[in-house]
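Chemist: dropping a prediction and its sequence here:
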Amino acid sequence: MNIKLIFQLSLFGLAMAIATVFWIPLNYEPFFWLVIFFICAYLIAKKCFEKYFLNGFLVSLVNCIWITAAHLILFHNYIIHHPRVAKMMIKMPMHRSPRLLMLVAGPIIGILSGILLGLFSFMASRMIRKKLTMIDK
C-alpha cells in the first residue's frame, strides 16, 4: 500500500469537492470523474507494485472524506448551485436533515466508486505489466 500516493491522488477529490460546489454542474461531473479515475488508475499501476485494487479503493475512500466534508461545510453554496439535488433531497427518506443525508450517502458513494477505481487500477496494472514484459523480451 502506497499511503503517500493515495493521499496525493486524493487531492483530485479535494479539487473536485470544491469545483462541484461552485463550478461543475451535476450532469458534467461523471465525465470529470471518469478522467480522474483513468489518471489515478494509470498512476497506481505505474507507481505501485502490489495491491492495486486496495490502493484505488482507498483513494476513493479518502476522496469521499474530502467531498463529504466540503459539501457539508459549503452546504448552502452547494444547494444554491445544484437546485436539482435540492429537489431530489426533498423526496429522500431523511429530507428533513439534508446534511445527515449527505453524511450517510457520502460513504456509500465512496465505497461504490472505490470498487470502480479499484477495478480500474487492477486492470491498468495488468495492461502496464503486460506492456513492460513485452518490452523486456
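Modeler: Yes, it's here. Keep in mind it's a predicted model, so treat the numbers as computed, not measured.
Chemist: and the residue minimising distance to the centre of the chain, how far from Phe32?
Modeler: The centroid of the chain falls nearest to Ser60 when counting by CA atoms, centre = their mean (4.4 Å). To Phe32, Ser60 is 14 Å away according to CB to CB, to the nearest Å. No exception for glycine: its C-beta is placed from N, CA and C like everyone else's.
Chemist: repeat that for Tyr42.
Modeler: 16 Å.
Chemist: Pro93 in helix, strand or coil?
Modeler: coil (DSSP: H, G, I helix; E, B strand; the rest coil).
Chemist: what sits against it?
Modeler: Leu101 (CB atoms under 8 Å, 6 or more residues apart in numbering).
Chemist: which positions in the helix or strand encompassing Ile36 come out as buried?
Modeler: Ile36 belongs to helix 29-47 when assigned by DSSP states H and E. Applying a neighbour-count criterion of 16 or more other CB atoms under 10 Å, the buried positions in helix 29-47 are Trp33, Ile36, Phe37, Cys40, Ala41, Tyr42, Leu43, Ile44, Ala45.
Chemist: can you check stretch 6-19 too?
Modeler: Here stretch 6-19 shows Ile6, Leu9, Ser10, Phe12, Gly13, Leu14, Met16, Ala17, Ile18 as buried, counting by 16+ other CB under 10 Å.
Chemist: for those residues, which one is nearest Leu117?
Modeler: Nearest to Leu117, judged by CB to CB, of those is Leu9 at 9.1 Å.
Chemist: any idea which helix or strand carries the closest one?
Modeler: helix 3-22.
Chemist: compute the inter-axis angle for that helix and helix 29-47.
Modeler: Orientation check (axes from the mean of the first three to the mean of the last three CA atoms, to 10 degrees): helix 3-22 against helix 29-47 gives 170 degrees.
Chemist: could you give the angle of whichever helix or strand Val59 is part of to helix 29-47?
Modeler: Per DSSP H and E, Val59 falls inside helix 52-73. Orientation note: helix 52-73 sits at an angle of 140 degrees relative to helix 29-47 (the same axes, to 10 degrees).
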